[in-house]
Structure formats: structure tokens, C-alpha cells
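> 3D model of this:
(one chain, ligands or ions: 1)
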Amino acid sequence: MTGQQAKSERDLTPRCVSESRVTVSMLMNPEHANVLGNVHGGVIMKLVDEAGGLAAMRHARSPVVTVAIDSMTFEKPIYVGNFVFLTAELTYTGRTSMEVRVEVTAENPLTSESVFTNLAYLVFVAIDDQGRPQPVPPLCLETPEQGLRFEQAQERQIERKKQQQREQTLEEFSLANGQLDRTKSGQD
Ligand SMILES: CC(C)(COP(=O)(O)OP(=O)(O)OC[C@H]1O[C@@H](n2cnc3c(N)ncnc32)[C@H](O)[C@@H]1OP(=O)(O)O)[C@@H](O)C(=O)NCCC(=O)NCCS
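Predicted structure coming up:
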């Protein structure tokens, strides 16, 4: 089957938020600790990216890549021995992009006490077998809360585009003033 055929046969009927929602869990072991003995923030970021990517893949039924992690909070520390739960659900779909909200909680399995530790929003893009962006099914919203999340996600996506434009302006300014020469990077 050619890539073109596979593309035309993809099912792009709308899919609901609950159809791709996913919860993954993992026990935090000593190898996940930082020098303070808490779980390293980078470990949590990786798990967040994986959980978010899984929800995006389930929605798009396609490979996805991360294009933005522009918001991640660290509300409480996570300790070695905690059982971590990451719940990821779609908040927004564009033509080829999807925003995913990931909530993290940490449970002490000895006491069953559970605390909310992290919240992150990530953007993934569905890609075809050539690595090019490809369309994703629209998101069907099942509750008023999901509707509000979609509206807020749209605003964040507009802000991300503005930020991209600001970076572009800065890069052009630096190039024009000889302060940035990307042609030399990696050649020394
Ligand atoms: C993802 C990638 C293929 C997109 O390519 P591109 O040339 O920027 O494609 P487009 O400009 O058509 O953008 C595709 C979509 O991504 C969105 N997008 C691109 N950059 C974005 C950003 N920084 N923040 C939010 N959305 C972004 C666009 O708005 C567009 O969404 P839409 O189709 O829903 O409107 C390319 O940027 C890439 O390969 N990035 C590297 C990804 C990666 O390696 N991730 C880490 C490992 S998974």
C-alpha cells in the first residue's frame, strides 16, 4: 500500500475526548531520584510527554511528534516509593495538531494518600510516513467543561503562534545585525 493510499483511507470522523483519554502509572524507584532524594523533574516531564503522546496517538491513530511543551507546573514534590498516575486527555484539535492536558498525582501506597503534583499542556502533530503533518479527526466535546477547555486551548494556540512570530522577528533582527549566523553552527 502506498503512503498516498494509506492517507486517503484514514478515518477522520470526529472522536470524543473520552475515546483517547489514558491513565498510565509507574512506581518511583531510587534511580528516579535527584540529589535531594525527590523524584527528578526531568523524569516526570518524560512521563508527561509519553502519556500525552499516547492520548494524541489514540485520537489520531497515527504517529505523532511533540511540537510544544509550554506549560508545566510542579505543585508538590514526588518521593521515591510513590505511585505516580498520569491522566492525559485531548483539549483541542486543529488541522494536524492536538493539545493534550496531562494531570499528575502521586500516591503513597502505604497510606493511600494522594496528592496532585503537576499539570502540563503539550501540543502534538500527527505525521505521515514521510514525517509530514497530516490531518487529525476533529474532537467531539461531551461536556460543557470540555467546551470551555477547547476555547481556552484555542487561545493558547493563538498565543503560541504569536510567540513563534516574535522569535522569528528576533531571529531576523539578529541576522540583519550580524549577531546570529546559523550557517556556522556545528561547523567549528
Ligand atoms: C512537527 C513538524 C513536522 C511540523 O512541521 P511544520 O513545518 O512546522 O508544519 P506546519 O507549519 O504545517 O505546522 C503543523 C501544525 O503544527 C502546529 N505547530 C507548529 N509549531 C507549533 C508550536 N511551536 N506550537 C504549537 N503548534 C505548533 C501548527 O500550528 C500546525 O497546526 P494545525 O495544522 O493544527 O493548524 C516539525 O515542526 C517537526 O518535525 N518538529 C520536530 C518534532 C520533534 O522532533 N519532536 C520531538 C520528538 S517527538
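> State which one residue of this protein is found closest to the ligand.
Taking C-beta to the nearest ligand atom, the ligand has its nearest neighbour within the chain at residue 94, 2.2 Å off. For glycine as for every other residue, the C-beta is placed from the backbone atoms N, C-alpha and C.
> what's the closest non-adjacent residue to that residue?
The spatial neighbour of residue 94 that comes closest, neighbours along the chain excluded (C-beta to C-beta, 6 or more residues apart in numbering), is residue 157 at 6.7 Å.
> Same question for residue 108.
Closest to residue 108 by C-beta to C-beta, 6+ apart is residue 82, at 6.1 Å.
> wait, doesn't the one you found sit right on residue 44?
No - Residue 82 is beyond contact range of residue 44, at 10.8 Å (criterion: C-beta atoms under 8 Å).
> which helices and strands does the helix or strand where the residue nearest to residue 94 lies pack with?
Taking DSSP states H and E as the definition, residue 157 sits inside helix 144-176. For helix 144-176, the packing partners by 3 or more C-beta pairs under 8 Å, 6 or more residues apart in numbering; DSSP states H and E come out as strand 64-74, strand 83-93, strand 97-107, strand 114-126.
> With mean neighbour count and mean pLDDT as new columns, can those be given to me in TSV?
What follows is the helices and strands packed on helix 144-176, written out as TSV (neighbours: other C-beta atoms under 10 Å; pLDDT from 0 to 100):
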stretch	mean neighbour count	mean pLDDT
strand 64-74	15	95
strand 83-93	22	98
strand 97-107	23	98
strand 114-126	21	98
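> Distance to residue 48 for those strands - can I get that in JSON lines?
Formatted as JSON lines, those follow (distance: least, C-beta to C-beta, whole Å):
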{"stretch": "strand 64-74", "distance to residue 48": "7"}
{"stretch": "strand 83-93", "distance to residue 48": "6"}
{"stretch": "strand 97-107", "distance to residue 48": "5"}
{"stretch": "strand 114-126", "distance to residue 48": "5"}
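> Looking at the ones you listed, spot the one closest to residue 162.
strand 64-74 (11.9 Å; C-beta to C-beta).
> so what pLDDT did the residue nearest to residue 108 get?
Note on residue 82: pLDDT of 97.
> OK, contacts around it?
27-28, 39, 106-109 (C-beta atoms under 8 Å, 6 or more residues apart in numbering).
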